[in-house]
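missing the sequence, but the structure's below:
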């Protein structure tokens, strides 16, 4: 079972759910020609189906190996990576002055979904390179950019993000790796980093590490962290590779999933110190890190969408093929495909609806980040910045929760066969599990949403979004289309719940923060369910009204309806949990610590 | 991290949530002395902690091996099994006339939770032996019982259940294994069975297979299935082992989890036919199969409880030990244990509350089955039979969904460490996944609940249960205890939703069965959430009022409150999904088959 990029669904989500078409129409994307989108996605889909998807299972079985201080990737990996970069896929949204194609982030977001669906362990490497590019491009000196940026944009070299240490996970400020100033203006870095994705590999000649460390005179906590660029091989003045730098892989983790992605323990400075170059200013590394992480958070959300889509396609194919039992009211000896059974349909619809909602949320985040980066009107810019910041934690957490739920349903549709590794459904389930954890656990995302994003502007960004969503729901209500079922009512109720829960939290953010934090996760779920439901309704309305060839619009109306009646319907309960739930959590000590 | 049986929680659930104390008081359990319960559970817990739990990870890593037609279990397995049977644990609830201790099924249910928590792959073998014992004891001839039952009760021999074939999974009636009558009154069986748990192993001298097959003149479908006892080694008249029978393991599955449990492909009749003996009557095998499966379904529910408890204990220990970040309002350099963070507490409370609710439902099912088997009053007997039948699919599906959700939260509490296999949290996640599938997928359970259990008696069993639950909620309301928070309101709403959804389905069971079936899974969830919420409230009230030493009752009140405000609160949404959701599922063809 291979993977085929769902081009029609993706275009509907991009152009309508995410608002790319309107944003292009408003001129925010300069001379970008929206008509080329379909061709790009089709080409990406072809590469993914033909080259990346077939490697997915072998990569899982073989994994990455560490021998004698060198990581060897799974068979076929290095060749696929060369073909992938040669085709220009690493450079889609890269800056044009360094060899990139300068295409919208939204286009690259759709591509990221495709790579992740085909082969999440493979796609993870360039995902982190892109974050490194963003950090270097935004904060790096011209000298560093001149040496490293073009190589990173082309993918000739890959990038890593090195934050985590044994005692510093979610609490980055606790990191201890130290940096010493060298006379030539560079630095020497010493320390140990863990959980470093593609910290070493055999796919490129060089690897550019982005490492957080602490100067001797730095303040404690997050205010004393600096970001350093540390190449695996030093680069000579003529661009050729020089000496091996003092940063080495010293261990590989044995993980639940993404076996083909080497997760490395890195040792820095065993032999005099790793040569590093400062990115941005001393002690301002957290700013650079957030630049890296925000893009990475959206990308991880897209991994969730991708793996959900993959799991859905596989389960759908199985349900259409596997014969077992008979449809209600049908007799005789032959068996029907299990897709006739209402409970199997329910699972498949749940998978498809969650996936489509998560996709729409992620793409909308990308469009907001695009507009923030491109719009010249200060008001438009500010609104887009706020929107992108607000949506990022939802895109990350809702989509990765979706990846896990959908992959689990994918196993369930397969019945006993789903538990057998050969089938492949179990690999998706194992691979998806990390996405809720890395780049900030989903709990961290919820806390970010509640404290920084909802709280930052007194709730203005949330209110602006609620106004937009309310207009969508009004259009559903005004449509009088019975195919929407009770979707209008459910979404209207959900908006009310989201508004009340937002206000409740806002009122407590400073006065009783523990109460606000206790409801962070159900609040994020409430937000994602409401937003996703409205986005699917918006897409259904667009499919009904547009002449862009989305096929029978009843398909999308039914999907929006299903989501509203099965997922967004839980909004009032989530509101109650946010508002009523804090007290029990605050008095949980009695039972948890007895 | 080992496992400690939560004796106090288990006693509260058994005696109060499940009603064992009242049932014993009413005389339904004969001369059973309820005071010995705690001692039995403590002894079982000690064995589990000392012998079974330490083998769990090695069993996962080593797995079972197939060499030359023989299965070798993981290191330590055979010795642990010998010690376990020698201590009498296989015989707890076995019939006394065949060497069993004749203790209540409810006691053995608590023990099953303990074995599953300590080592689910180990516990699965005797779990199926017990089902075999039940089938043989209920339906077998005296001659067969005389030869096989004592050996199965002691655990000297193990039992298997052989239903599944490649084309016959959920649709058992599609099986093709064939049985031929032999002149001596025995049968010769031919065919292939898949997914046979412990179909071969090296822990006992003999294995007694219970195999479904079809006679040449049998009617099609489920009405033409017969059950046969097929020993691995034939048994001579003096009880010694004779010739090797023609049933062999021909393959082992490579699975997502429970690696130490050999999942076998069995080949019967390659050498003239496997000698089999009829259990019950020809073509009445489905009846015997249901006898086996009902007990097994409850036992699988208990696996869900066990693995949830194990995952909870491990996550709790980690959260109390791992330091990261600071509590709100606390400053300074040191870090706090992550259990101070409200979002971590929320996860732990969700884990504990779901586990406790599932436990209570499973134990209540066991008590109903006990009373059904023991009560002499025909009215009490009939009510208990109906209650046991009603609760079994809920116990199976709700508890195994709980096992999966809690194991996933267990990973999440560990953060990145949870994704590393060495930590152990990932193994629970992998092991738990099969429980929602085997012994009837949870979708099959939901269909069983809606069609056979809700439908059988015009809803009488559901109404009787709703009346009981309503009385519990009235006691919560009357308690005026602020520690219950909004639990009374949430549970009252949930009861209303469950009642309306039940009526809605009942009205459609015959007139529009696809509508009823479309809502089966959300209906089961609604049922489990409401029932579990009321049971936890009942336990909290008992802990408040009893002098049995359950410690600070606020602990259990807080737990019941949390469940009501975080889980049972979703009941109205689930009601809406049941009632509104069918139409979108019935028109899903457009989108799923496009």
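Received the coordinates, thanks. In this text, all values refer to a predicted model and were calculated from it rather than measured experimentally. Numbers count the residues shown, from 1 in each chain, chains lettered A, B, ... in the order given.

What lies in contact with the host helix or strand of residue A:463?
Counting by DSSP states H and E, the secondary-structure element that holds residue A:463 is helix A:460-479. Helix A:460-479 is contacted by residues A:383, A:386-387, A:389-390, A:453-454, A:484, A:487-488, A:491-492, A:495, A:498-499, A:502, A:530-531, A:534-535, A:537-538, A:541, A:544, A:560 when judged by C-beta atoms under 8 Å, 6 or more residues apart in numbering or on different chains. (C-beta placed from N, C-alpha, C; glycine too.)

again, but for stretch A:356-364
A:9-10, A:13-14, A:17-20, A:106, A:109-110, A:113, A:298, A:301-302, A:304-305, A:308-309, A:391, A:394-395, A:398-399, A:402-403, A:528, A:531-533, A:535-536, A:539, A:559, A:563, A:567.

So which bits of the helix holding residue A:463 are buried?
By 16 or more other C-beta atoms under 10 Å in any protein chain shown, the buried positions in helix A:460-479 come out as A:461-462, A:465-466, A:469-470, A:472-473, A:476, A:479.

With stretch A:266-279 instead?
Neighbour-count burial for stretch A:266-279 flags A:266-269, A:273-279 (criterion: 16+ other C-beta under 10 Å).

Any chance of those in TSV with secondary structure, distance to residue A:143 and pLDDT as columns?
Written out in TSV, the entries for those read as follows (DSSP: H, G, I helix; E, B strand; the rest coil; distance: C-beta to C-beta, whole Å; pLDDT from 0 to 100):
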residue	secondary structure	distance to residue A:143	pLDDT
A:266	strand	25	98
A:267	strand	28	98
A:268	strand	22	98
A:269	coil	23	98
A:273	coil	21	98
A:274	strand	19	98
A:275	strand	14	98
A:276	strand	14	98
A:277	strand	8	98
A:278	strand	11	98
A:279	strand	12	97
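
Surely residue A:186 and residue A:275 touch.
Yes: the criterion here is C-beta atoms under 8 Å, and residue A:186 meets it with residue A:275 at 5.6 Å.

coming back round to it: now that we have the contacts of helix A:460-479, which of them are buried?
Counted by 16+ other C-beta under 10 Å, those give A:383, A:386-387, A:389-390, A:453-454, A:484, A:487-488, A:491-492, A:495, A:498-499, A:502, A:530-531, A:534-535, A:537-538, A:541, A:560 as buried.

Which of those residues fall in helices?
When these are checked against helices using DSSP state H, the ones located there are A:383, A:386-387, A:389-390, A:487-488, A:491-492, A:495, A:498-499, A:502, A:530-531, A:534-535, A:537-538, A:541, A:560.

Below-threshold pLDDT in chain A: ranges please.
Scanning chain A for pLDDT under 70 picks out A:1.

Longest strand in it, please.
When secondary structure is assigned using DSSP state E, the longest strand within chain A turns out to be strand A:187-197.

Show me the strands paired with that strand, marking each as parallel or antiparallel.
With DSSP bridges as the test, strand A:187-197 is paired with strand A:178-181 (antiparallel), strand A:263-268 (antiparallel), strand A:274-279 (antiparallel).

where does the last one sit relative to the chain's centre, distance-wise?
Distance of strand A:274-279 from its chain centroid, counting by C-alpha atoms, centre = their mean, to the nearest Å, is 28 Å.

ok now do whichever residue of the stretch 1-150 of chain A sits closest to chain B, which residues does it touch?
Closest approach of the stretch 1-150 of chain A to chain B (C-beta to the nearest C-beta) occurs at residue A:8, with a separation of 9.3 Å. Shown in contact with residue A:8 (C-beta under 8 Å, 6+ apart): A:549-551.
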